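Visitor: okay, predicted coordinates and the sequence, questions at the end:
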Amino acid sequence: MPKRDIVIWPSKVLETPTRPVTEFGPQLEELIVDMHAAMKEADGIGIAANQVGVSLRLALVGRQDGTWFEIVNPQVLERSGKVELREGCLSVPDQFEQTPRFAKVKVRYQDRAGAWQELEAEGRLAHVLQHEIEHLDGTVFVTHLSPLKRGLFRERMKKYKSVK
Ligand SMILES: [Zn+2]
């Protein structure tokens with residue numbers, strides 16, 4: 001069993017911008033290991049630290065081939081093209097909806113050692129990057145949906161939480 005449970009929306013920690021990571025070391029490494037365990041258990045392709053209740057600017061991003069990497073203090077430098085993609089979230093289990101995103105993004109982030117990296121991505125990787133970075137800004141994908149749909153998801157999550 002993973003050490004950390006995934007926070008279910010709606011929740012304050014998911015709707016609060018996370019704090020920048022300033023310490024790189026064993027504690028950060030440990031958090032990454034815990035987040036990976038939670039992501040794997042839930043069969044996810046990405047996870048943000050605030051989804052396990054830790055308000056830090058850190059997320060894991062899964063690649064198409066099943067490997068993954070961490071993004072620390074990420075920023076989106078460029079965005080281009082528009083797409084609508086079917087999107088879901090570990091914090092809103094089993095709910096999927098078409099969500100507007102950019103087709104391509106260029107991001108800058110630190111790795112677990114604190115070194116800055118730059119990455120240009122498109123397709124699914126661009127999608128996951130946008131979803132996770134948005135989590136770190138305190139935004140859940142349901143924000144992009146109609147109030148009606150969001151209300152429906154809210155009701156379903158209330159039921160989900162009550163049976164858990
Ligand atoms: Zn999510």
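Guide: Yep, it's here. Here the structure is a predicted model, which means the values were calculated and not measured.
Visitor: can you get me a residue count around the closest residue to W116 other than its chain neighbours?
Guide: Distances taken as C-beta to C-beta, 6 or more residues apart in numbering put Q110 closest to W116, at 5.6 Å, once the chain neighbours are dropped. Quick note: C-beta positions are derived from backbone N, CA and C, even for glycine. Residues within reach of Q110, counting by other C-beta atoms under 10 Å, total 19.
Visitor: distance check, Q110 against R86.
Guide: Per C-beta to C-beta, to the nearest Å, Q110 is found 30 Å from R86.
Visitor: helix/strand/coil for E70?
Guide: For E70, the secondary structure call by DSSP: H, G, I helix; E, B strand; the rest coil comes out as strand.
Visitor: what's the spacing between it and A49?
Guide: The gap separating E70 from A49 is 10 Å, by C-beta to C-beta.
Visitor: who touches both of these two?
Guide: Common neighbours of E70 and A49, using C-beta atoms under 8 Å, 6 or more residues apart in numbering, are 58-59.
Visitor: neighbour count winner among those two?
Guide: Neighbour comparison, E70 and A49: the larger count goes to A49, with 28 against 21 (by other C-beta under 10 Å).
Visitor: so who does the more buried one touch?
Guide: Contacts of A49 were listed using C-beta under 8 Å, 6+ apart, and they are 18, 31, 35, 55-59, 136.
Visitor: dump those residues into a markdown table; add distance to L152 and secondary structure as well.
Guide: A markdown table is the format used below for the contacts of A49 (distance: C-beta to C-beta, whole Å; DSSP: H, G, I helix; E, B strand; the rest coil):
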| residue | distance to L152 | secondary structure |
| --- | --- | --- |
| T18 | 27 | coil |
| L31 | 33 | helix |
| M35 | 29 | helix |
| S55 | 28 | coil |
| L56 | 31 | strand |
| R57 | 31 | coil |
| L58 | 31 | strand |
| A59 | 27 | strand |
| L136 | 26 | helix |
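Visitor: out of those residues, who's nearest S11?
Guide: Checking the contacts of A49 against S11 with C-beta to C-beta, the nearest one is S55 at 11.3 Å.
Visitor: I'd say that closest one and V13 touch.
Guide: Yes: counting by C-beta atoms under 8 Å, S55 does reach V13; the two are 6.0 Å apart.
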